[in-house]
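Take a look and give me a structure for this.
(chains A and B)
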2 protein chains.
Amino acid sequence: MPSQVAMVRPNVTIKLVGAIHDMTETVRIALDAMGGDNGPPVVVAGAALALQRHPTCQFIFCGDQAKIAPLLDGNAALKQVSRIVHTEVAVKMDDKPSQALRMGRRTSSMWLAIEAVKKGEADIAISAGNTGALMAMSKICLRTLPHVERPAIAAVWPTLRGESIVLDVGASIGADAQHLVSMAIMGAAMANIVLNLPRPKVGLLNVGVEEIKGLEEVKAASRILQDANLPGLDYRGFVEGDDIGKGTVDVVVTEGFTGNIALKTAEGTARQIAHYLREAMAGDWMSRIGYLFARKAFAALRTKMDPRRSNGGVFLGLDGIVLKSHGGTDAFGYAGAIDAGFALANNGFLAKIRDQLAQSMEQHLAELATPAVPDAGTIS
Amino acid sequence: MPSQVAMVRPNVTIKLVGAIHDMTETVRIALDAMGGDNGPPVVVAGAALALQRHPTCQFIFCGDQAKIAPLLDGNAALKQVSRIVHTEVAVKMDDKPSQALRMGRRTSSMWLAIEAVKKGEADIAISAGNTGALMAMSKICLRTLPHVERPAIAAVWPTLRGESIVLDVGASIGADAQHLVSMAIMGAAMANIVLNLPRPKVGLLNVGVEEIKGLEEVKAASRILQDANLPGLDYRGFVEGDDIGKGTVDVVVTEGFTGNIALKTAEGTARQIAHYLREAMAGDWMSRIGYLFARKAFAALRTKMDPRRSNGGVFLGLDGIVLKSHGGTDAFGYAGAIDAGFALANNGFLAKIRDQLAQSMEQHLAELATPAVPDAGTIS
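Residues are numbered from 1 along each chain as shown, chains lettered A, B, ... in the order given. Alright, predicted model coming up:
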């Protein structure tokens, strides 16, 4: 189920890799070895797990050599495809972004991982560190793509129909109509690549499906998307909170405050129900026997609900791929984030998203320049 | 689990009634018989169910006599404690609030139910109709309480620790700091009464617990609540989406857009997991046998997750009690809303909330008038 900012699932990864690319192509991954609640032990163990699944990975570990090297010494296969970029500076989990930039710009393990992407030494950077700091550094180091004002964080959300992309789950607070429209385009481009959908269905998150409801900026974005009828996405109007889990659309667009709260509320609800279920099964002896008989089914359910299986929020709109892993994850979860990063890099994600953005935004801008009856496209 | 705008649970009702009041006291309930997806059959059957549990109830059915009377004829006990206020005008589920007011002010079944409260003929009004119309009519007919600018809709949300009050789940979009503060006070007053807590713990919903995060108005409200140190509530700072289900605080305050999306996202997640669970249990024969053994546990879980058990969003801040039942509910769910309404009316909810609001707001206003160091109360 939904985890913090952490949604791309390994199975998506594997599907894509098999379908599109040659497995022998090298993917170079820069890791902020000091990021996350657990630092190098989890990052190195996660990389070791991911390497077993993707033998063409190469790693750059950014961080304290004295802590990373002994861990690599314990794994010859991993050590062979890895190098360390040493620094003693690390961003703390509770640093404010401004603090992180002041202390760690150009010097911290987080910055060095992002910079490896900037310099073309890595195809993707991954950090389990502080989200605000990671976004601030990514923006400064990598810059945004043409036509993008602000980046967004996209999560892959498991639904009853498969998976959907939800954005923004916490990059920035508030969004004007234009930002919502560019998120719709970016989210659709990601769904095109990650979920392999030629023309993803896109919805704007709102409090009701009636035209009259909602924030002014959401209504304005809806009119723009309706009028534009972009080739890269199939705009379906407003969706509500319960439509996310239903999988009503492939891409759910909202500003970062609401998106983050929706994501964490879903996560909390999933944990709550898991708790109820455990409690119910530990009740009388009949239930316990029932649990024993059905334990295979429960194991499958547990796997389905394991947040570690969907670990990795993708930063969209930057001129480079950065992935945020859950700060509190273990090696299994961290390997899931690497899986997701591997798939994105291996499928030319950045080039494709840049192309689709340019194409959609140019059409969108051309249409903006064309005078239209203001309310013609209001949806019902 | 959380349902649309529908959270007050019957068990709370019963506990309160037993603890505080004489069961022989009459509670007069005005019902919008035409509201909801199913209209009179569900409303009348729901009232019949509720009457069995609360024999001191009396009902005013507002709506089409030709449709209500035959249903009452089938239940002598209910007929004896009921009267019909006839009207052929009914607000439609998809009417805009402005439309509903134009067509149904003073004439619709919804208006007449609210007006019965205004006139002192009923202690509470319940409608399963269109939320926007019900709120618009309630505001015009009943007016807001002193010190309240805008009403809010409060839901009782089941949590791992018991129950919490979450508001606003959809009365209005956006909230300035002052509105957030008055919602904190109203929510705490409701928690005091409904959850029987002398000084409820209150949190503001935000995207992070760090001081730097969040919307300006949420941060400003936090400073006010921190500085004020009100007697009626224990302000605990920011909470995140996953804190709702955990029950970290007793009252979660947010503006209506985010609150509605959080509520519906939780509802969608609950349905999604229930679906996974059914699927898992219908798998191989071992799972099916396990299900048979544990069926008592599953029945208990189903009851716990039944949204009909927590049916009723309470409109807070009005000079009268109005309850919104889920539009698509059945008689069992509608009876749950009546249960909740019965408890509120039977416990002098309105008088208590008015007192607590006055007390808290007067202190709050007195403190606002006292000069203070602007940033002294910033929380960490």
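
Sketch out the low-pLDDT regions of chain A for me.
Low-confidence regions of chain A, defined here as pLDDT under 70, cover residues A:1-24, A:208-213, A:305-311, A:367-380.

hmm, 50 instead?
Residue ranges of chain A with pLDDT under 50: A:1-23, A:211, A:372-380.

top helix in it by residue count?
Ordering each helix of chain A by length in residues (DSSP state H) puts helix A:256-281 first.

Might you report the residue contacts of the spatially closest residue to A:Met34 that is not a sequence neighbour?
Setting aside the residues directly before and after it, A:Met34 is nearest to A:Ala90 in space (Cβ to Cβ, 6 or more residues apart in numbering or on different chains), at 3.8 Å. C-beta here means a position set from N, CA and C on the backbone, and glycine is covered the same way. For A:Ala90, the contacting residues are A:34-35, A:39, A:63-64, A:104, A:108-110, taking Cβ atoms under 8 Å, 6 or more residues apart in numbering or on different chains as the criterion.

So A:Lys352 sits against A:Met190, correct?
No. With the criterion set as Cβ atoms under 8 Å, A:Lys352 and A:Met190 do not qualify as a contacting pair; they are 9.2 Å apart.

okay, those two: which has more neighbours?
In this view A:Lys352 and A:Met190 are compared by other Cβ atoms under 10 Å in any protein chain shown, and A:Met190 has more residues nearby, 26 against 15.

quick check: angle from the helix or strand hosting that one to helix A:256-281?
A:Met190 is part of helix A:177-194, with elements assigned from DSSP states H and E. With axes from the mean of the first three to the mean of the last three Cα atoms, to 10 degrees applied, the angle from helix A:177-194 to helix A:256-281 works out at 50 degrees.

Is chain B within reach of helix A:177-194?
No. Shown here: helix A:177-194 not in contact with chain B (Cβ under 8 Å from any Cβ of the partner chain), separated by at least 13.6 Å.

Return the subset of the contacts of A:Ala90 lying in helices.
Those of these lying in helices (DSSP H): A:104, A:109-110.

filter the residues you listed down to the ones near chain B?
Cross-checking the ones in helices among the contacts of A:Ala90 against chain B (Cβ under 8 Å from any Cβ) gives no overlapping residues.

Please tabulate the residues you listed in JSON lines, including the columns neighbour count and distance to A:Leu145.
Below are those laid out as JSON lines (neighbours: other Cβ atoms under 10 Å in any protein chain shown; distance: Cβ to Cβ, whole Å):
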{"residue": "A:Gly104", "neighbour count": "22", "distance to A:Leu145": "24"}
{"residue": "A:Ser109", "neighbour count": "30", "distance to A:Leu145": "25"}
{"residue": "A:Met110", "neighbour count": "34", "distance to A:Leu145": "21"}
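
These into JSON lines, with extra columns for distance to A:Glu240?
As requested, the ones in helices among the contacts of A:Ala90 are exported to JSON lines (distance: Cβ to Cβ, whole Å):
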{"residue": "A:Gly104", "distance to A:Glu240": "40"}
{"residue": "A:Ser109", "distance to A:Glu240": "41"}
{"residue": "A:Met110", "distance to A:Glu240": "37"}
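
Bridge partners for the residue most central in space within chain A, pull those for me.
Within chain A, the residue whose C-alpha comes closest to the C-alpha centroid is A:Gly313; the distance, by Cα atoms, centre = their mean, is 2.2 Å. Following DSSP bridges, A:Gly313 is listed with bridge partners A:Lys324.

A:Lys79 versus that one, what's the distance?
29 Å (Cβ to Cβ, to the nearest Å).

what's near enough to touch the closest residue to chain B within the stretch 101-250 of chain A?
Distances between the stretch 101-250 of chain A and chain B by Cβ to the nearest Cβ are smallest at A:Gly241, namely 2.9 Å. Contact partners of A:Gly241, counting by Cβ under 8 Å, 6+ apart, are A:205, A:262, B:260-268.

The nearest residue to it once chain neighbours are set aside and B:Phe257, how far apart?
Closest residue in space to A:Gly241, ignoring its immediate chain neighbours: B:Lys264 at 2.9 Å, by Cβ to Cβ, 6+ apart. Here B:Lys264 is placed at a distance of 11 Å from B:Phe257 (Cβ to Cβ).

So for these two, which residue has more residues nearby?
B:Lys264 (28 against 25).

my guess is A:Ile153 meets A:Val166, correct?
No. The pair A:Ile153 and A:Val166 does not pass the contact test of Cβ under 8 Å, sitting 9.5 Å apart.

if we can go back for a sec, C-terminal to the helix holding A:Met190, what's the next element?
Next in sequence after helix A:177-194, counting helices and strands by DSSP H and E, comes strand A:201-205.
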